[in-house]
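Here is a sequence with its predicted model. Questions after.
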Amino acid sequence: MTDVRHTYLHYLIEPLLYQRSNAADRFSAVLKEVKDAPLEYRYRSDIVELTIECLIKAVEARTMDTGIPAYVAPKDERREDFAAIEIARNAVNQRMEQVRVARVRHEMAQGYVLTAYFYEQMLHLRKIRRV
C-alpha cells in the first residue's frame with residue numbers, strides 16, 4: 001500500500017511543481033550539496049525531481065503510521081482528571097513525533113535535503129488552517 005500511496009503522491013504533486021519548474025531553477029545550488037549523496041542520478045541532477053521526492057517523503061513522514069497506538073481517554077473521565085489525561089495524550093503525541101522526526105532525519109541523511117523543510121512547513125500550514 002505504501003507504493004500505491006507514493007505513486008499517488010507523485011500523481012498529485014508532479015504537475016504542480018513542473019508548472020513552476022522555471023522558478024525552481026534558482027534553487028539549483030542545492031544540487032551541489034547532494035552531488036555525493038547516495039541518490040539516483042536524476043535526483044542529483046534535477047532540482048525539480050529532488051524537490052518532488054523530498055516533498056513526498058515529508059508528506060509520508062507526516063502521515064505515517066508510527067506503530068504507537070493513539071491515546072484513548074478513559075470512558076469514566078472526570079473533570080479533575082482532564083489535566084492528567086492531557087499530559088498522557090501529549091506524551092503519546094511526543095513519542096509519535098519522535099518516530100516521525102527520526103524518519104525525516106534518515107531521509108535527510110540519505111540526501112533528500114529538503115525533506116525537513118517541507119516537514120516543518122506542513123506543521124505551520126496546519127496551524128494557519130486552524131485560525
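Okay, I see it.

ok, how many other residues are close to the nearest residue to F118 once chain neighbours are set aside?
Using Cβ to Cβ, 6 or more residues apart in numbering and skipping the chain neighbours, the partner closest in space to F118 is A58 (3.6 Å). (Glycine included, C-beta is placed from N, CA and C.) For A58, the count of nearby residues is 24 (other Cβ atoms under 10 Å).

what comes into contact with stretch 49-59?
Stretch 49-59 is contacted by residues 6, 9-10, 13-14, 17, 24, 27, 30-31, 34, 39, 42-44, 104, 107, 112-119, 122 when judged by Cβ atoms under 8 Å, 6 or more residues apart in numbering.

What subset of those is buried?
By neighbour count, with 16 or more other Cβ atoms under 10 Å, the contacts of stretch 49-59 hold 9, 13, 17, 24, 31, 34, 39, 43-44, 104, 107, 112-116, 118-119 as buried.
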